[in-house]
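Enquirer: sequence and predicted model, in that order:
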Amino acid sequence: MDTVDESTRSYIMSRVGQKNTGPEILLRSSLHAAGLRYRLHDRGLPGSPDLVFPRFHTVAFVHGCYWHSHGCYRSTVPKSRQEFWTEKFDANRGRDERNLRLLRQGGWRVLTVWECALRGKTARLSFEIADTVKAWLVSSDGVGEIAGIPLTSSVLTLQGATLIDHG
Ligand SMILES: [Zn+2]
């Protein structure tokens, strides 16, 4: 029997069911508004990529920063049972790396869009995300990722805004 305390359990439950949830919908609506078309959840490919752009031989994943250990402010290890969680996150990372390798071997280009680029305090603007994806699709890069705005520069922006506000 696996025992976790109540707060850890609700933390887990709030993150179950990653498909078709917030960040993925945000990305899809940005891309759709920009006229990009794609297929969804191709279960025939390693890792069931969230989006597939067949014309560009590209697949895209929308990764939750928490489950996929992005290393940004959204990826923290719960305070209780740290060893258990660290192992779990390592396993997720290992799976991601394996899927990436298999996709590359199959001739696919792989773009990862992180949750922190799509929502929260480091989120980028919707059209900026779409423009970046468009540019990447026509590039010759094999592997790419889009993450949130680095926190230091958003702090600088906020400080700048404050200075302007108060003359
Ligand atoms: Zn992140």
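Expert: Arrived safely, thanks for sending.

Enquirer: going along the chain, name the helices of the chain.
Expert: Read by DSSP state H, the chain holds these helices, from start to end of the chain: 6-13, 22-33, 82-105, 115-118, 126-137, 151-165.

Enquirer: OK, contacts around Pro54?
Expert: For Pro54, the set of contacting residues under the criterion of C-beta atoms under 8 Å, 6 or more residues apart in numbering consists of Arg39. C-beta: built from backbone N, CA, C; applies to glycine.

Enquirer: Arg124 too?
Expert: Contacts for Arg124 (C-beta under 8 Å, 6+ apart) come out as 117-118, 132, 146, 148-149.

Enquirer: show me the contacts for Pro46.
Expert: By C-beta under 8 Å, 6+ apart, the contact list for Pro46 reads 98-99, 102-103, 106.

Enquirer: what's stretch 95-106 in contact with?
Expert: 45-47, 49, 59, 61, 63, 68, 110, 142-143.

Enquirer: turn those residues into CSV, columns for distance to the ion.
Expert: Supplementary listing: the contacts of stretch 95-106 in CSV, determined by distance: C-beta to the ion, whole Å:
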residue, distance to the ion
Leu45, 23
Pro46, 22
Gly47, 18
Pro49, 18
Val59, 19
Phe61, 13
His63, 8
His68, 8
Val110, 17
Gly142, 21
Val143, 17
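
Enquirer: circling back: any idea which of the helices of the chain is most buried?
Expert: Among the helices of the chain, judged by mean count of other C-beta atoms under 10 Å, the one packed with the most neighbours on average is helix 115-118 (a mean of 26).

Enquirer: lovely, talk soon.
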